[in-house]
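K.L.:
I would like to see how this sequence folds:
(chains A and B)
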2 protein chains.
Amino acid sequence: MRASNLAVSNSSTALATGVAVRRQCRSGAFDGPTAGLAPGYVQGNLAILPKDWAEEFLRFCQANPKPCPLLGVSEAGSPALPALGADLDIRTDLPRYRTWKNGELAGEPYDLLSVWRDDLVSFVIGCSFSFEEALLESNVPVRHIERGTNVSMYRTNIPTRAAGRFHGPMVVSMRPLSPADAIRAIQITTRLPSVHGAPVHLGFPEKIGIADLGKPDYGDPVPVEAGELPVFWACGVTPQAAIAAARPPFAITHSPGRMLVTDLKNAELALF
Amino acid sequence: MRASNLAVSNSSTALATGVAVRRQCRSGAFDGPTAGLAPGYVQGNLAILPKDWAEEFLRFCQANPKPCPLLGVSEAGSPALPALGADLDIRTDLPRYRTWKNGELAGEPYDLLSVWRDDLVSFVIGCSFSFEEALLESNVPVRHIERGTNVSMYRTNIPTRAAGRFHGPMVVSMRPLSPADAIRAIQITTRLPSVHGAPVHLGFPEKIGIADLGKPDYGDPVPVEAGELPVFWACGVTPQAAIAAARPPFAITHSPGRMLVTDLKNAELALF
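P.N.:
Take a look at the predicted model:
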């Protein structure tokens, strides 16, 4: 039986850095959500595809940098991503994975050692945790964090640019902000294009195909108070949805909320 | 009789640079509005105060950089501002001036040669023309320019920081923008703090004390269409209103719309 994530204190030095979290995942000592772990370190979404699907997916990410900002791409068959962590082994260093066959969930393993193939290419995509940390550091409140829930996410009528078999609507996350905080948040996230960058919309959810803010397609509802604007950022669920729709014979992603924690620092990502 | 501004084509080389416009003003050949002249060159608001009021006004500008971004301050009694133009003579190089006594309009001369005093300090304050040019270059439409009217300006409930005898509400200008253009405009104007910088508000005029967008306190009404956000920037009318309220025994400003055209290029002002 695996250790619960509750067995390891978030504040312990065991989970204080990217490499520390990866070692705990690798040993089986940690398999929980990574939000709040290794403060200051960049966390990323994971997508793994066979080589004969990888080139199209790479073009999809290149064409849609706001929802799919690439932090790293591996060599085919290699579990290493040295730019993201010197000793990183993508097969063991996340808390938990999901495997997919023809677009359907096939398993939720704790490591990929038994399913690894020498044609697999790993993609690590920036995640909103990095910009949320930057918002909080500037005293811009993030309500879903205050409430201890997941962010609200919605499928929109904004199309992605198709590339080969990958296509579909942009998924966005929403954070309610006062006008002054919205302006500040636009400034802060503009500096961080590798973790979704500036918002794609604010103010009029119906204009981007969202009928009811209270009914997100993913995550939890988050209330928008009077005098606040709903602010929408491109979301890393977009590439996951594009993969599900493309139905490749085999694919791997991280398990929701259980991200890759890298050796990059959030502060390193800022353009200026 | 002075030459009308209509006698000089805006596209002529006579008005293509800051120094050319100033020479035409100095000679009396031009006394019209400066909007659209010398494309690419920084234009500025002018305020001139006696030395015994100037220190407080300088502190007021320092404390309120968004409405009062200082581009230059002269030595007392000197008509030169070499940082803004090598040969600049503030007494002759604007199209027209206004003189004020105890806060009341006292005259609207074409030059200051007969009223100049050796205790006068000149302040040149950044102007929205610079950021509007940057918006248009990025294909962000500016409706009042499209309509050929003045921008809408409003007194708000946002207080300035008082300094000595100078105080009063912030005056803002409003431009209606689509959400995507509002985000882009925030990015562009963030780069330009010396010409008012990022907006101070968007979306909820009533929150900043504006009861009716259709009734601006200065300038012309500009319609906000469905699906657009009213976006508000700090405005250079703020220091003019603070001077009028403080009622110094003598002051000079530019005549509305007839700005100082400098040798600085708008592109030089950008932070990044």
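
K.L.:
What is the burial count for the residue lying closest to residue A:103 once chain neighbours are set aside?
P.N.:
Using CB to CB, 6 or more residues apart in numbering or on different chains and skipping residues adjacent in sequence, the residue nearest residue A:103 is residue A:247, 3.5 Å away. C-beta here means a position set from N, CA and C on the backbone, and glycine is covered the same way. Residue neighbour count, defined by other CB atoms under 10 Å in any protein chain shown, stands at 13 for residue A:247.

K.L.:
mind checking pLDDT for residue A:247?
P.N.:
Note for residue A:247: predicted pLDDT of 97.

K.L.:
what do you get for the one 10 residues further on?
P.N.:
pLDDT recorded at residue A:257 is 93.

K.L.:
Distance of it relative to chain B?
P.N.:
28 Å (CB to the nearest CB, to the nearest Å).

K.L.:
Which helix or which strand is home to that residue?
P.N.:
Per DSSP states H and E: residue A:257 is located in neither a helix nor a strand.

K.L.:
how near is the closest residue to it other than its chain neighbours to chain B?
P.N.:
Nearest non-adjacent residue to residue A:257, counting by CB to CB, 6+ apart: residue A:33, 3.9 Å away. As for residue A:33, its distance to chain B is 30 Å (criterion: CB to the nearest CB).

K.L.:
Likewise for residue A:198?
P.N.:
Distance from residue A:198 to chain B, counting by CB to the nearest CB: 6 Å.

K.L.:
same thing with residue A:172?
P.N.:
Taking CB to the nearest CB, one finds residue A:172 at 12 Å from chain B.

K.L.:
from memory the residue nearest to residue A:103 sits against residue A:102, does it?
P.N.:
Yes - using CB atoms under 8 Å, residue A:247 is in contact with residue A:102, at 5.0 Å.

K.L.:
Using the three-state scheme, assign whatever residue of the stretch 1-150 of chain A ends up closest to chain B.
P.N.:
With CB to the nearest CB, the shortest gap between the stretch 1-150 of chain A and chain B falls at residue A:66, namely 11.4 Å. Taken by DSSP: H, G, I helix; E, B strand; the rest coil, the conformation at residue A:66 corresponds to coil.

K.L.:
give the contact list for the residue nearest to it when sequence neighbours are not counted.
P.N.:
In this structure, residue A:66 finds its nearest non-sequential neighbour in residue A:234, 3.8 Å apart by CB to CB, 6+ apart. The neighbours of residue A:234, taking CB atoms under 8 Å, 6 or more residues apart in numbering or on different chains as the test, are A:64, A:66, A:67, A:170, A:171, A:172, A:196, A:197, A:200.

K.L.:
What pLDDT is listed against residue A:234?
P.N.:
Reported pLDDT for residue A:234: 98.

K.L.:
didn't the residue nearest to residue A:257 look like it was pressed against residue A:254?
P.N.:
No - using CB under 8 Å, residue A:33 is not in contact with residue A:254; the gap is 10.6 Å.

K.L.:
Which strands or helices does the one helix or strand residue A:176 maps to pack on?
P.N.:
Element membership for residue A:176, per DSSP H and E: strand A:169-177. Judged by 3 or more CB pairs under 8 Å, 6 or more residues apart in numbering or on different chains; DSSP states H and E, strand A:169-177 is in contact with helix A:143-147, strand A:152-159, strand A:229-234, helix A:237-246.

K.L.:
Any buried residues in stretch A:129-143, and which?
P.N.:
Buried positions in stretch A:129-143, judged by neighbour count with 16 or more other CB atoms under 10 Å in any protein chain shown: A:129, A:130, A:131, A:132, A:133, A:134, A:135, A:140, A:142, A:143.

K.L.:
Can you tell me the closest non-neighbouring residue to the first one?
P.N.:
Pointing back at residue A:129 there. residue A:43 is the one closest to residue A:129 (CB to CB, 6+ apart), at 4.9 Å.

K.L.:
dump the residue contacts of residue A:72.
P.N.:
A:44, A:81, A:83, A:84, A:122, A:123, A:124.

K.L.:
Residue numbers of the stretch 51-200 of chain A in contact with chain B?
P.N.:
Contact residues (CB under 8 Å from any CB of the partner chain) of the stretch 51-200 of chain A with chain B: A:179, A:180, A:182, A:183, A:186, A:187, A:190, A:198, A:199, A:200.

K.L.:
where does the fifth one land in three-state SS?
P.N.:
By that I understand residue A:186. helix.

K.L.:
what about the closest residue to it other than its chain neighbours, how many neighbours?
P.N.:
Among residues not flanking residue A:186 along the chain, residue B:186 sits closest, at 4.7 Å (CB to CB, 6+ apart). If you count neighbours by other CB under 10 Å, residue B:186 ends up with 25.

K.L.:
For stretch A:197-216, measure first residue to last.
P.N.:
Stretch A:197-216 has an end-to-end distance of 21 Å (CA to CA, to the nearest Å).

K.L.:
what about that stretch, distance to the chain center?
P.N.:
19 Å (CA atoms, centre = their mean, to the nearest Å).

K.L.:
Same check on stretch A:204-222?
P.N.:
On CA atoms, centre = their mean, the centre of stretch A:204-222 falls 19 Å from the chain's centre.

K.L.:
Show me what counts as buried in it.
P.N.:
So, applying 16+ other CB under 10 Å, buried residues of stretch A:204-222: A:204, A:205, A:207, A:208, A:210, A:213, A:216, A:218, A:219, A:221, A:222.
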